[in-house]
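Undergrad: what follows is a predicted protein model with its sequence.
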Amino acid sequence: MARNHLLGSSVITLPGPPADRPQNMRVLIVDDEPTIRKTTRLAVESSGHSAAEAPSAAKALKSAEEEVFDAVFLDLKLGSDDGLQVLDRLMRLRPAPAVILFTAYANIATAVEAMRRGAFDFIPKPFTPDQIRTVLAKVAKAHALVQRIQALESDLAANAPPVDLESEEPAMLRALQVAFRAAETNANILVLGQSGTGKSVLAREIHKRSARKEAAFVTVNCPSLSRELLESELFGHAKGSFTGATTETAGKVAAADGGTLFLDEIGEMPLEVQPKLLRLLQEREYERVGETLIRRADVRVIAATNRDLVGEVKAGRFREDLFYRLNVIAVNLPGLHDRPADLRRLAEGDRRYFATRASKPNLVFSEAVLEAFAKYAWPGNLRELRNVIERAVILANGPQIELGDLPEDFASHPQASPEVGARVSLELLEAEHIRRILETSRNLDTAARTLGIDPATLYRKRSKLGLL
């Protein structure tokens with residue numbers, strides 16, 4: 001049976017709520033006019049959602065602190081209370097609800113200010129049930145997207161080896177200590193390291209250890225997009241703002257609001273986009289492509305790069321002021337070749353994971369493979385280690401992974417060169433030193449003089465060490 005109700009100053013007709021529609025979202029309606037609350041509630045419930053009411057700012061905030069709401073319809077004028085101040089309080093909740101403002105005092109300036117402070121949408125009075133349903137559909141779509149991202153992240157975690165963030169190496173321990181201390185703050189973090197050292201894994205772990213862990217962790221891969229697409233990916237765009245922009249897009253900054261924005265390979269970010277990122281870091285403000293509406297976002301930025309950003313700044317390819325904004329806390333991840341004490345444990349972890357997935361739980365490494373691993377330079381770091389072991393597990397026929405199961409060009413890759421102070425034997429260090437001297441000397445006599453030994457002794461050592 002249809003119901004007639006008055007919303008604002010308009011007479012409208014509401015259909016009865018569908019009997020089979022699920023209660024998808026919990027909605028709070030905040031207005032000091034009972035008729036508005038009642039009719040808005042009917043519109044909400046006719047869309048299949050449940051609703052609660054609050055006649056004042058105080059009761060609204062109390063309800064919001066005691067219960068999690070997906071959306072809040074908030075009147076901008078609540079007696080003597082300012083709806084924008086209530087909006088600010090709601091935006092500080094975690095998780096923050098989608099706040100839709102409506103008011104009879106609507107104007108462009110108010111709408112801009114509300115959106116700048118984080119409002120999801122703005123509806124002027126008088127409004128219709130279709131407007132309520134439309135905005136609720138947008139909120140539901142946004143929630144569904146977040147849930148989908150979370151589901152994909154869970155699937156990704158289930159299909160990846162467990163994260164190993166332990167170490168016996170001092171350099172790695174220092175990096176982890178700095179990262180996890182900074183995780184508890186809102187400071188921007190710059191993660192430095194070669195490709196494949198685990199920068200994105202560490203960034204996600206920092207997010208998990210922060211006060212923002214319940215909010216989104218959103219990744220933007222800077223080198224994968226052109227300048228125009230990267231700007232749109234980050235900040236969103238208005239419909240029709242460029243060729244192909246058939247719909248509006250909120251952007252990754254909006255998706256990360258309240259959470260963490262991870263900018264992978266920040267050193268590849270085009271100069272034209274860098275001032276916009278700097279503005280976000282400094283003012284928490286940004287604009288979508290094709291819009292002049294100023295929006296706000298509370299995001300914690302973690303950036304990563306394998307580039308020398310100091311050198312990029314000197315070369316004029318990276319803004320100095322942006323570098324200092326990002327470089328509040330710097331975490332330097334060592335390469336795998338600098339983590340000899342961790343190599344075997346990391347390799348065994350990957351072996352157990354891939355062997356279990358391949359239904360070969362008893363598969364182990366041969367000693368020859370472990371020795372080859374120890375000598376190898378691992379230019380691709382943790383990523384290469386994982387790929388090599390996954391391949392070897394698939395190809396292994398017997399109870400052990402043998403040298404023949406490693407990539408064919410494995411032996412031709414550069415071998416790790418031990419350095420003074422590294423955890424290697426004196427014999428290995430001596431062999432490397434002798435090899436380098438022989439490579440740079442005209443003959444055996446010259447090499448012997450450089451080493452301070454007679455040629456006969458050098459010949460014997462060279463033979464013993466297999467350097468002939």
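TA: Looks like it arrived, so ask away. Numbering: from 1, shown residues only.
Undergrad: C-alpha only now, for contacts and for neighbours.
TA: OK.
Undergrad: tell me where the stretch 301-450 of the chain has strands.
TA: Along the stretch 301-450 of the chain, counting by DSSP state E, counting those that start in this stretch, strands occupy 329-332, 364-365, 400-401.
Undergrad: again, but for the stretch 51-200 of the chain
TA: 71-75, 77-78, 81-82, 98-103, 121-124, 189-192.
Undergrad: in terms of secondary structure, what does the fourth one contact?
TA: Yep, that's strand 98-103 we're talking about. Identification of packing neighbours for strand 98-103 by 3 or more CA pairs under 8 Å, 6 or more residues apart in numbering; DSSP states H and E yields strand 71-75, strand 121-124.
Undergrad: can you redo those as a markdown table with mean pLDDT and mean neighbour count?
TA: Shown next, in a markdown table, are the helices and strands packed on strand 98-103 (pLDDT from 0 to 100; neighbours: other CA atoms under 10 Å):
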| stretch | mean pLDDT | mean neighbour count |
| --- | --- | --- |
| strand 71-75 | 92 | 26 |
| strand 121-124 | 84 | 19 |
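Undergrad: let's have the ones you listed in JSON lines, adding distance to Tyr376.
TA: Compiled in JSON lines, the helices and strands packed on strand 98-103 are given as follows (distance: least, CA to CA, whole Å):
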{"stretch": "strand 71-75", "distance to Tyr376": "55"}
{"stretch": "strand 121-124", "distance to Tyr376": "57"}
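Undergrad: which one of the strands of the stretch 301-450 of the chain is the most hemmed in?
TA: Mean neighbour count (mean count of other CA atoms under 10 Å) peaks for strand 400-401 among the strands of the stretch 301-450 of the chain, with a mean of 20.
Undergrad: list the neighbouring strands of it plus their orientation.
TA: Sheet partners assigned to strand 400-401 using DSSP bridges are listed as strand 364-365 (parallel).
Undergrad: from the chain's centroid, how far away is the partner strand?
TA: Taking the mean of its C-alpha atoms, strand 364-365 sits 34 Å from the chain's own mean (CA atoms, centre = their mean, to the nearest Å).
Undergrad: excluding its backbone neighbours, what's nearest Ile206?
TA: Sequence neighbours aside, Ala183 is the residue nearest to Ile206 in space, at 5.0 Å (criterion: CA to CA, 6 or more residues apart in numbering).
Undergrad: okay, now the one you found: neighbour count?
TA: 21 (other CA atoms under 10 Å).
Undergrad: same deal with Lys62?
TA: 11.
Undergrad: could you report the distance from it to Glu205?
TA: Counting by CA to CA, to the nearest Å, the gap from Lys62 to Glu205 is 33 Å.
Undergrad: equivalent analysis for Pro340, please.
TA: 23 Å.
Undergrad: what's the residue nearest to Leu76 when sequence neighbours are not counted in contact with, if anything?
TA: Nearest residue to Leu76 in three dimensions, chain neighbours excluded: Gly83, at 4.1 Å (CA to CA, 6+ apart). Listed by CA atoms under 8 Å, 6 or more residues apart in numbering, the contact partners of Gly83 are 57, 74-77.
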